[in-house]
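*Asks:* would you be able to build a 3D model of this:
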Amino acid sequence: MIMIKLAVVKTGGKQYLVKEKDILTIDNLGEKENEIIDLETLAVFGDQNKIELGKPNLAQKTKAKIIKNLKGEKIRVSKFKAKVRYRRVRGFRPLLTQLQIEKII
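*Replies:* Predicted structure coming up:
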């Protein structure tokens, strides 16, 4: 029986459950494309029900490769006040980074 190695990584104040070769879209990191980065690893779930937990992080890092930097879909933010004819609509497109998990140590 082959077990898949899973890891909980933390980046940008958020946590993600990943496995090797996963493609993940996260908030912009400001790094260049095709660069290998290390992600903070909080926990690793391995073979034969082996679990490693960090306090708060593990010493080893998860390796990820930046595939591309992109913009997300437009988000519209509107303000409205009743009875005073006040309406404002603004929008923005968040900057995102797409990564591929290379290796979970």
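
*Asks:* wait, what's in contact with the residue most central in space within the chain?
*Replies:* Nearest to the geometric centre of the chain sits Ile26, at 3.8 Å (CA atoms, centre = their mean). Counting by CB atoms under 8 Å, 6 or more residues apart in numbering, Ile26 touches 11-12, 14, 16, 96-97, 99. No exception for glycine: its C-beta is placed from N, CA and C like everyone else's.

*Asks:* one more time with 10 Å
*Replies:* Neighbour list for Ile26: 9, 11-12, 14, 16, 39, 64, 96-99 [criterion: CB atoms under 10 Å, 6 or more residues apart in numbering].

*Asks:* repeat that for Lys68.
*Replies:* Per CB under 10 Å, 6+ apart, neighbours of Lys68: 25, 33-34, 96-99.

*Asks:* so for stretch 77-89, mean pLDDT?
*Replies:* With pLDDT averaged residue by residue, stretch 77-89 scores 97.

*Asks:* same question but for stretch 95-105, I mixed them up
*Replies:* 94.

*Asks:* what stretches of this protein score poorly on pLDDT?
*Replies:* Where the chain drops to pLDDT under 70, the residues are 1-2.

*Asks:* what about the strands in it?
*Replies:* Ranges of strands in the chain, per DSSP state E, are 6-11, 14-19, 23-27, 36-45, 51-53, 62-71, 75-81, 86-92, 95-103.

*Asks:* pick the most buried one from the ones you listed.
*Replies:* strand 6-11 (a mean of 20; mean count of other CB atoms under 10 Å).

*Asks:* gap between that one and the chain center?
*Replies:* 8 Å (CA atoms, centre = their mean, to the nearest Å).

*Asks:* what's it packed up against?
*Replies:* Applying 3 or more CB pairs under 10 Å, 6 or more residues apart in numbering; DSSP states H and E, we find strand 6-11 packed against strand 14-19, strand 23-27, strand 36-45, strand 51-53, strand 62-71, strand 95-103.

*Asks:* how about the ones you listed, which one is nearest Arg85?
*Replies:* strand 62-71 (32.9 Å; CB to CB).
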